[in-house]
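1. One predicted model, sequence on top.
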Amino acid sequence: MSELLLTAAQMRAIEQAAIDAGEITGLQLMERAGQGAVAAIEAMWPELERAPGRAMILCGPGNNGGDGFVVARVLTGKGWDVDAFLYGDAGKLPPDARTNYERWCKIGQVRTLPTDGLPFKDGTSLIIDALFGTGLTRPLGALGKTLRDVCDAADGGRGLPREDRTPFFPYVVALDIPSGICADSGKILRAAGADAAKGSRASCVAADLVTTFHRPKAGHYLADGPRHCGTLCIIGIGLTQTGAWRDHIRLIDLPVGLSKRSKGHKYDHGHALILTGGMGRTGAARLSARAALRVGAGLVTCAAPGSAMMECATQLTSIMLRRCDDGEALAGLLEDERINALCLGPGMGVSDRTSDLMDVALASKRRVVLDADALTVLAGRDDPFAGLHDGCVLTPHGGEFARLFPDISDRLNAPATKGPAYSKVDATRDAAARAGCTVLFKGPDTVIADASGGACINTAVYDRAVPWLATAGSGDVLAGIITGMLARGSCPINATSSAAWLHVEAARTFGPGLIAEDLPETLPQVLQALLQND
Ligand SMILES: NC(=O)C1=CN([C@@H]2O[C@H](COP(=O)(O)OP(=O)(O)OC[C@H]3O[C@@H](n4cnc5c(N)ncnc54)[C@H](OP(=O)(O)O)[C@@H]3O)[C@@H](O)[C@H]2O)[C@@H](O)CC1
Ligand SMILES: [K+]
């Protein structure tokens, strides 16, 4: 199961379709957006509802600015003192924004937003960023000092981490998305040549709360987006459609393919084969194997070279062990047709043996997870993608991705100077199309795509943040969970997306202090909770 994330173009198309069908007007949508934002602010900070204060509303030249004028009107009606500013020419506002600007003008003043600093009044407890939303196309360079003041006002100029701030500084609420962040990619747009190392303080707003409308946008979950959104609140504005795009992006919010086992025999749940490295290097593969077994593969076998047999034998109980020195030996093991999923990479070493085993594994047309050292071996080949097929899953982190797909990685990492910018979803889709298989591109914003263009994001941000998951061996466990899900019969994209979700969920369930060994051991608790809700 999953929630749909939208791009700016998809959101515009949904709005337009609803307006064209006569279901709703643009003005009604804007009113609901503004009203909903105020309700979200009051829900987040009840003290602001009890004691209205002073608010600054910064409105931009598009419909995001129109939302801002609705907020100005609603807050005034609730007893707030409102200072409203416009960046741009009122005469050029789009029609709905223009209407709300004119409504506001009957109530209060509008001042031109200066670009050389924010005329901040003492006692301001709320700043509303309604400068740019899904229509951002260029960097905010011209707003430099004023933008910096928004960030400084919000934390007293001290650059304090959000959690260390006192309540005496105003809250910053961004409508739809913090201005300066591209809604499709989550990247901060920067002028060509701008120094990214100088940080984001002159380039985009950092908000305590973002109120987005209808559906979250991909940029709320990718790249710089989550770091600048604070809390993300989704507000229904009366749109019912989600669109019927082939290029939908899903946010994984529950795994699929984990319903109760209906048949009782272990072979009904697949047999996963995990290839290990040599003596002293088998720990990673054993972690993968344990995870594959815990996630429900019926049988799991480690296949080790002769030198590592004793080491593995002393460590494994429910996981079986077979000797596998080379490709020929693996071909022999694969005569057992019940082996239906393989995992290569964790701790295997970058070696001829790994390369040899990978050739045999791929030729068998079984489902194959290629991780870690297997990806490095693959990247070193003249044609890395020859032999891959739609039953394969690649699991690169950023460095491995750059080695496998250097041109795509360069494009992704190039400074984003205009919107919509090339996103991690675009990059993962392009990589999956080129490789002809499923690609899981790791990170706090893990993106999974397959060759058909399907894409999803597994998030480890907002309330799913698990910084303690960045621990040695965590990736080996993920590879094992994917392999186990493949053995159980899930298709590659479902196996991979479910595994990524379970991996984060296990870390959330265990909590800080986690080491990789804890992840497989926490899976039963996670699975149990899922089955209880089934
Ligand atoms: N449509 C609806 O019914 C609803 C819409 N809603 C709201 O509308 C928002 C989308 O509105 P929007 O499309 O007008 O885009 P928005 O982000 O306000 O600005 C675009 C303008 O900014 C300009 N511009 C861009 N970058 C710039 C820069 N760096 N510096 C200077 N200018 C720049 C750009 O110029 P252009 O690129 O065209 O030259 C254009 O003029 C959406 O996020 C949501 O909040 C909700 O009310 C729900 C109902
Ligand atoms: K905004």
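-> Looks like it came in fine. Numbering: from 1, shown residues only. Ligands and ions are numbered 1, 2, ... in the order given.

2. quick one: the helices in the stretch 101-250 of the chain?
-> 144-155, 225-229 (DSSP state H, counting those that start in this stretch).

3. and those helices, which is most packed in?
-> Per-stretch averages of neighbours, counted by mean count of other C-beta atoms under 10 Å, single out helix 225-229 among the helices of the stretch 101-250 of the chain, with a mean of 24. Every C-beta, even on glycine, is put in place using the N, C-alpha and C of the backbone.

4. Could you pull up the mean pLDDT of it?
-> Throughout helix 225-229, pLDDT has a mean value of 94.

5. Need the contact partners of it.
-> 174, 177-178, 181, 186, 188, 200, 204-207, 210, 219-220, 444-445, 459, 461-462 (C-beta atoms under 8 Å, 6 or more residues apart in numbering).

6. Just the buried subset of the residues you listed, please.
-> 174, 177-178, 181, 186, 188, 200, 204-207, 210, 219-220, 444-445, 459, 461 (16 or more other C-beta atoms under 10 Å).

7. and those near ligand 2, which?
-> Among those, proximity to ligand 2 is found for residue 174 (C-beta under 5 Å from the ion).

8. Narrow the buried ones among the contacts of helix 225-229 to those in strands?
-> 174, 210, 445, 459 (DSSP state E).

9. now, which of these sits nearest ligand 1?
-> Nearest to ligand 1 among those: residue 174, at 9.6 Å, using C-beta to the nearest ligand atom.

10. quick one: that closest one and residue 225, what's the gap?
-> 11 Å (C-beta to C-beta, to the nearest Å).

11. ok, now residue 114?
-> Counting by C-beta to C-beta - residue 114 and residue 225 are separated by 27 Å.

12. Can you read off the pLDDT for the residue in the stretch 201-350 of the chain that ligand 1 sits nearest to?
-> Distances between the stretch 201-350 of the chain and ligand 1 by C-beta to the nearest ligand atom are smallest at residue 213, namely 5.0 Å. pLDDT for residue 213: 97.

13. Surely it touches residue 238?
-> No - counting by C-beta atoms under 8 Å, residue 238 is not a contact partner of residue 213; they are 9.9 Å apart.

14. of these two, who's got more company?
-> residue 213 (26 against 15; other C-beta atoms under 10 Å).

15. OK, contacts around the more buried one?
-> Counting by C-beta under 8 Å, 6+ apart, residue 213 touches 11, 29, 32-33, 36, 176, 234-235, 237.

16. Including neighbour count and pLDDT, could these go into CSV?
-> As requested, the contacts of residue 213 are exported to CSV (neighbours: other C-beta atoms under 10 Å; pLDDT from 0 to 100):
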residue, neighbour count, pLDDT
11, 21, 95
29, 22, 98
32, 20, 98
33, 27, 98
36, 24, 98
176, 30, 98
234, 15, 97
235, 18, 97
237, 18, 96
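
17. filter those residues down to the ones close to ligand 1.
-> With C-beta under 6 Å from any ligand atom as the criterion, the contacts of residue 213 include 29, 33, 176, 237 near ligand 1.

18. and of these, the nearest to ligand 2?
-> residue 176 (5.3 Å; C-beta to the ion).

19. any idea how far residue 62 is from the closest residue to that closest one other than its chain neighbours?
-> Leaving out its chain neighbours, the residue that sits closest to residue 176 by C-beta to C-beta, 6 or more residues apart in numbering is residue 133, at 3.7 Å. Separation of residue 133 from residue 62 (C-beta to C-beta) stands at 7 Å.

20. more neighbours, the two?
-> For residue 133 versus residue 62, the count of surrounding residues by other C-beta under 10 Å is larger for residue 133: 29 against 20.

21. so what's the residue of the stretch 401-534 of the chain found nearest ligand 2 up against?
-> Relative to ligand 2, the nearest point of the stretch 401-534 of the chain is residue 419 (13.1 Å; C-beta to the ion). Shown in contact with residue 419 (C-beta under 8 Å, 6+ apart): 8, 136-138, 182-185, 189.

22. repeat that with 7 Å
-> Residue 419 makes contact with 136-137, 182, 189, according to C-beta atoms under 7 Å, 6 or more residues apart in numbering.

23. quick one: low-confidence parts of the stretch 51-200 of the chain?
-> Regions of the stretch 51-200 of the chain meeting the criterion pLDDT under 70 cover residues 155-168, 195-200.

24. Please list the residues of it that sit near ligand 1.
-> So far as C-beta under 6 Å from any ligand atom goes, the stretch 51-200 of the chain lies against ligand 1 at 60-67, 94, 132-140, 175-176.

25. Please, a ChimeraX command that selects the buried ones among the residues you listed?
-> Entered in ChimeraX, the line below selects the buried ones among these, by 16+ other C-beta under 10 Å:
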select :60,61,62,63,64,65,66,67,132,133,134,135,136,139,140,175,176
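
26. Out of the residues of the stretch 51-200 of the chain next to ligand 1, name the ones that lie in strands.
-> Those of those lying in strands (DSSP E): residue 175.

27. Show the overlap between the residues of the stretch 51-200 of the chain next to ligand 1 and what lies near ligand 2.
-> Near ligand 2, taking C-beta under 5 Å from the ion as the test, the members of these found are residue 175.

28. quick one, strands of the stretch 301-450 of the chain?
-> Applying DSSP state E, counting those that start in this stretch to the stretch 301-450 of the chain gives strands spanning 320-323, 339-344, 367-370, 392-394, 438-441, 445-449.

29. need the ones you listed in a markdown table with distance to residue 496 and mean pLDDT, can you?
-> A markdown table is the format used below for the strands of the stretch 301-450 of the chain (distance: least, C-beta to C-beta, whole Å; pLDDT from 0 to 100):
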| stretch | distance to residue 496 | mean pLDDT |
| --- | --- | --- |
| strand 320-323 | 25 | 98 |
| strand 339-344 | 12 | 98 |
| strand 367-370 | 9 | 98 |
| strand 392-394 | 5 | 98 |
| strand 438-441 | 5 | 98 |
| strand 445-449 | 5 | 97 |
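
30. now those in JSON lines, with distance to residue 144?
-> What follows is the strands of the stretch 301-450 of the chain, written out as JSON lines (distance: least, C-beta to C-beta, whole Å):
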{"stretch": "strand 320-323", "distance to residue 144": "63"}
{"stretch": "strand 339-344", "distance to residue 144": "50"}
{"stretch": "strand 367-370", "distance to residue 144": "46"}
{"stretch": "strand 392-394", "distance to residue 144": "41"}
{"stretch": "strand 438-441", "distance to residue 144": "33"}
{"stretch": "strand 445-449", "distance to residue 144": "28"}
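
31. closest one to residue 106 among those?
-> strand 445-449 (44.0 Å; C-beta to C-beta).

32. residue contacts, the closest residue to residue 434 other than its chain neighbours?
-> Leaving out its chain neighbours, the residue that sits closest to residue 434 by C-beta to C-beta, 6+ apart is residue 385, at 6.4 Å. Going by C-beta under 7 Å, 6+ apart, residue 385 touches 434-436.

33. Swap in 10 Å and give it another go.
-> 378, 392, 394, 404-405, 431, 434-437 (C-beta atoms under 10 Å, 6 or more residues apart in numbering).

34. Mind splitting this protein into its structural domains?
-> 2-245, 264-398+465-528 (automatic domain parsing).

35. Of all residues in the chain, which one is nearest the centre?
-> By C-alpha atoms, centre = their mean, the chain has its centre lying nearest to residue 445, at 3.2 Å.

36. What residues does the protein have near ligand 2?
-> 129, 174-175, 179.

37. Select, from those residues, the two members most distant in space.
-> The widest separation within these (C-beta to C-beta) is 9.0 Å, between 175 and 179.

38. Need the residues touching each of the two.
-> Shared contacts of residue 175 and residue 179, defined by C-beta under 10 Å, 6+ apart, comprise 58, 60, 64, 129-133, 207.

39. list the buried ones in stretch 321-331?
-> So, applying 16+ other C-beta under 10 Å, buried residues of stretch 321-331: 321-322, 324-325, 327, 329-331.

40. what does the stretch 201-350 of the chain put close to ligand 1?
-> Where proximity means C-beta under 6 Å from any ligand atom, the interface of the stretch 201-350 of the chain facing ligand 1 comprises 213, 237.

41. which regions of the stretch 201-350 of the chain sit below the pLDDT cut-off?
-> 201-202, 244-246, 259-264, 266-267.
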